[in-house]
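Visitor: this is the structure alone, sequence omitted:
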């Protein structure tokens, strides 16, 4: 703790023990630190002493509940399997990814046992996306956004935008509803919120937007290229990641074309917990992915043949993961040649 | 006699006219003090190439942010490659830069590879047809160390369509380099141990150097304080390695195509070498090709 910070932040005008416990009347460090609470905000009520309204909604937010991880896989289980999953896997493993207040505002959370430490020397920061969002969402999203994985960076980052320029505070703190997944959240960021009208003076640009409207997601054309794909998750030795790019039908509606990312659950992912996943084939292994490497121009916007003739990037039967879900084949999109 | 002298002067002026169009008016390396005095110069566009989050934490007042990833991208295995020209033109116009603007590039100087972000961007701007480009000596760190003014206001430049005359020859391919072996001066700017084949970076397939290359390490550019050495000192180093003929074709390379832009920028913009190119794929591409001539 940097002593110079004391008094410079409203939180640091308060006695340490208010949040961290211990005894500040004792000079001996060992004795003063007896009963010290290292992560006070793991108990949300600590923050609720001053930030009652935020805590009320935050306790139900997806960042805190991580309900998306539970509900996302639920259809693969029978009712008894789901009960076992909740007890043996979700609470002990998936839930460890929940964020407390301090993880975003004071100290970067440890991910796989590694943390970046205090964000700004124990100052309470409103936001510092490059250190907080980027750390938990740094496996895929953030390096895609900044271009570190290769290809061009997201045009929004290039123009100086950060996470919170699209993702609003209500998404972080919740709105009081305990959503089951992010898809259920209303008012999520959408390209069309800012890019309401296609006003290009170029006829082919207007025609392309009109022709693909409701058939192809914005990402389908404007993802600049390869993004990070994971494989080998839940298999024991750990996940591997590699560059990939896949276009296929969105499993949520079964008809619109979009960018897909492999979510590599395999049939024996939860075997060690005694869960067979009786309905494994109820869900595919590929899911629609809001990739964060958006560009105005891409190989597909530069040349229609990239999709309509060369079929570059389209998910094919040969690419499907071995022993994956039978639902995967439903995502293969037949590509039609351009007709005039 | 007087008439002959005048005629000679006119002929010389006519001969030099094409060079004058290329002449660097803006000093290619500017000091923090110079920049502080010129903050209000309407012709000047300051471009901060650091990451967005670093820029937002504090930047030189008036500097626009166009971070490094805009100017050089990873393509396949190669780490620093040119983005499409239309994307580059958008970025340049979006930053309010015109072909005749004076551009000062601001970046980090630590860790050491970061300082070459500025020169790679400078080289790319010259490739796109912006001639008056300078590097801030000592970068952002020196400005901060001197406690000069900082701003956290995001600068929104007035975008304008960019039209510059591209100098496509500034970046060359492996095939071009292979063709020029024994004809052009090939300059390896890596550390002597890499040049001599004693060590390599992990992502470089093999040790060694391009056959016939001479060594001019990037570390020789800077004083112990991390600032550029004097023009005379740099001229002496460059001429020892690459010769004194300002018209001789010189091709520089490094491991990834970034650090070599440091000497390329200094040699062409400051020391008067007129035919300087960089090999974009550099040694990580060359060493991958078993047919590419190498030594030792």
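Guide: Arrived safely. The shown structure was predicted, so the numbers you read here are calculated from the model rather than taken from an experiment.
Visitor: beta partners for residue B:47?
Guide: Here residue B:47 sits in beta bridges with residue B:64, residue B:105, going by DSSP bridges.
Visitor: can you read off the pLDDT for it?
Guide: Predicted confidence (pLDDT) for residue B:47: 98.
Visitor: so it sits against residue B:102, correct?
Guide: No - with contact defined as CB atoms under 8 Å, residue B:47 does not count as touching residue B:102 (11.0 Å). The C-beta positions use only the backbone N, C-alpha and C, and glycine is treated the same way.
Visitor: which parts of the stretch 51-200 of chain B sit against chain A?
Guide: With CB under 8 Å from any CB of the partner chain as the criterion, the stretch 51-200 of chain B comes near chain A at residues B:51-53, B:55-56, B:65-67, B:69-70, B:73-76, B:83-84, B:86-87, B:90-91, B:94, B:154.
Visitor: same thing but at 6 Å, please
Guide: Within the stretch 51-200 of chain B, the positions near chain A by CB under 6 Å from any CB of the partner chain are B:52-53, B:65, B:69-70, B:73-74, B:83, B:154.
Visitor: out of these, which sit inside helices?
Guide: If you go by DSSP state H, those have B:52-53 in helices.
Visitor: with pLDDT and neighbour count added, can I get the residues of the stretch 51-200 of chain B next to chain A in a markdown table?
Guide: Shown next, in a markdown table, are those (pLDDT from 0 to 100; neighbours: other CB atoms under 10 Å in any protein chain shown):
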| residue | pLDDT | neighbour count |
| --- | --- | --- |
| B:52 | 95 | 25 |
| B:53 | 93 | 17 |
| B:65 | 97 | 24 |
| B:69 | 94 | 23 |
| B:70 | 95 | 27 |
| B:73 | 93 | 22 |
| B:74 | 90 | 19 |
| B:83 | 94 | 22 |
| B:154 | 92 | 14 |
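Visitor: which two from the residues of the stretch 51-200 of chain B next to chain A end up farthest apart in space?
Guide: B:74 and B:154 (26.5 Å; CB to CB).
Visitor: show me where the stretch 101-250 of chain B has strands.
Guide: Along the stretch 101-250 of chain B, counting by DSSP state E, counting those that start in this stretch, strands occupy B:102-106, B:133-136, B:171-172, B:185-188, B:209-210, B:214-215, B:250-253.
Visitor: tell me the confidence at residue A:119?
Guide: pLDDT, residue A:119: 88.
Visitor: for residue A:66, give its distance to chain B.
Guide: Per CB to the nearest CB, to the nearest Å, residue A:66 is found 26 Å from chain B.
Visitor: OK, contacts around that residue?
Guide: If a contact means CB atoms under 6 Å, 6 or more residues apart in numbering or on different chains, then residue A:66 has A:94-95, A:97-98 as its contacts.
Visitor: now list the buried members of those.
Guide: A:94-95, A:98 (16 or more other CB atoms under 10 Å in any protein chain shown).
Visitor: which positions in the stretch 51-200 of chain A make contact with chain B?
Guide: A:130, A:147, A:150, A:152-153, A:157-158, A:160.
Visitor: just to revisit the earlier point, closest to chain B among the contacts of residue A:66?
Guide: Closest approach between those and chain B, by CB to the nearest CB: residue A:97, at 23.1 Å.
Visitor: give me the neighbour count for residue A:109.
Guide: 19 (other CB atoms under 10 Å in any protein chain shown).
Visitor: tell me the secondary structure at it.
Guide: coil (DSSP: H, G, I helix; E, B strand; the rest coil).
Visitor: residue A:100 is in contact with that one, correct?
Guide: No - using CB atoms under 6 Å, residue A:109 is not in contact with residue A:100; the gap is 8.1 Å.
Visitor: OK, contacts around the residue of the stretch 101-250 of chain B found nearest chain A?
Guide: Minimum separation of the stretch 101-250 of chain B from chain A (CB to the nearest CB) falls at residue B:154, amounting to 5.7 Å. By CB under 6 Å, 6+ apart, the contact set of residue B:154 is residue A:160.
Visitor: can you pull out the strands in chain A?
Guide: Using DSSP state E, the strands of chain A run over A:227-231, A:240-244, A:247-249, A:257-262, A:286-288.
Visitor: check whether the second one comes near chain B.
Guide: No - against chain B, strand A:240-244 shows no contacts by CB under 6 Å from any CB, the least distance being 9.1 Å.
Visitor: can you list contacts of that strand?
Guide: A:226, A:228-232.
Visitor: change it to 10 Å
Guide: The contact list for strand A:240-244 (CB atoms under 10 Å, 6 or more residues apart in numbering or on different chains) reads A:139-140, A:149-151, A:225-233, A:259-262, A:264, A:313, A:319, B:74, B:76.
Visitor: pLDDT weak spots in the chain?
Guide: No chain in the question, so chain A it is. A:112-113, A:232-239, A:339-340 (pLDDT under 70).
Visitor: please go with chain B instead
Guide: Along chain B, segments meeting pLDDT under 70 span B:1-24.
Visitor: give me that answer again for 90
Guide: Residue ranges of chain B with pLDDT under 90: B:1-25, B:75-77, B:112-113.
Visitor: contact partners for residue 75?
Guide: No chain specified, so I'll use chain A. Contact analysis of residue A:75 by CB under 10 Å, 6+ apart lists A:82, A:277, A:279-283.
Visitor: could you do chain B instead?
Guide: Residue B:75 is in contact with A:150-152, A:225, B:81-83, B:280-281, counting by CB under 10 Å, 6+ apart.
Visitor: what's the neighbour count on the residue lying closest to residue A:221 once chain neighbours are set aside?
Guide: Closest residue to residue A:221 apart from its sequence neighbours, by CB to CB, 6 or more residues apart in numbering or on different chains: residue A:300 at 5.0 Å. Counted with other CB under 10 Å, residues neighbouring residue A:300 total 23.
Visitor: now residue B:166: closest residue in space that isn't a chain neighbour?
Guide: Nearest residue to residue B:166 in three dimensions, chain neighbours excluded: residue B:129, at 5.5 Å (CB to CB, 6+ apart).
Visitor: is it true that residue A:200 touches residue A:208?
Guide: Yes - using CB atoms under 10 Å, residue A:200 is in contact with residue A:208, at 9.2 Å.
Visitor: okay, these two: which has more neighbours?
Guide: Legend: neighbour count by other CB under 10 Å for residue A:200 and residue A:208, higher for residue A:208 (18 against 12).
Visitor: measure residue B:225 to residue B:142 for me?
Guide: 9 Å (CB to CB, to the nearest Å).
Visitor: may I have the phi/psi pair for the closest residue to residue B:124 other than its chain neighbours?
Guide: Setting aside the residues directly before and after it, residue B:124 is nearest to residue B:71 in space (CB to CB, 6+ apart), at 4.9 Å. When read as degrees, to the nearest 10, the backbone of residue B:71 gives phi -100, psi -20.
Visitor: which ones are touching residue B:71?
Guide: B:47, B:49, B:80, B:82-83, B:87-88, B:91-92, B:105, B:117, B:120-125, B:127-128.
Visitor: ok, residue B:286 next?
Guide: Residue B:286 touches B:174, B:177-178, B:204-206, B:208-211, B:253, B:255, B:279, B:292-294, counting by CB under 10 Å, 6+ apart.
Visitor: quick one: buried ones out of the residues you listed?
Guide: Neighbour-count burial (16+ other CB under 10 Å) is assigned, among those, to B:174, B:177, B:204, B:208-210, B:253, B:255, B:279, B:292, B:294.
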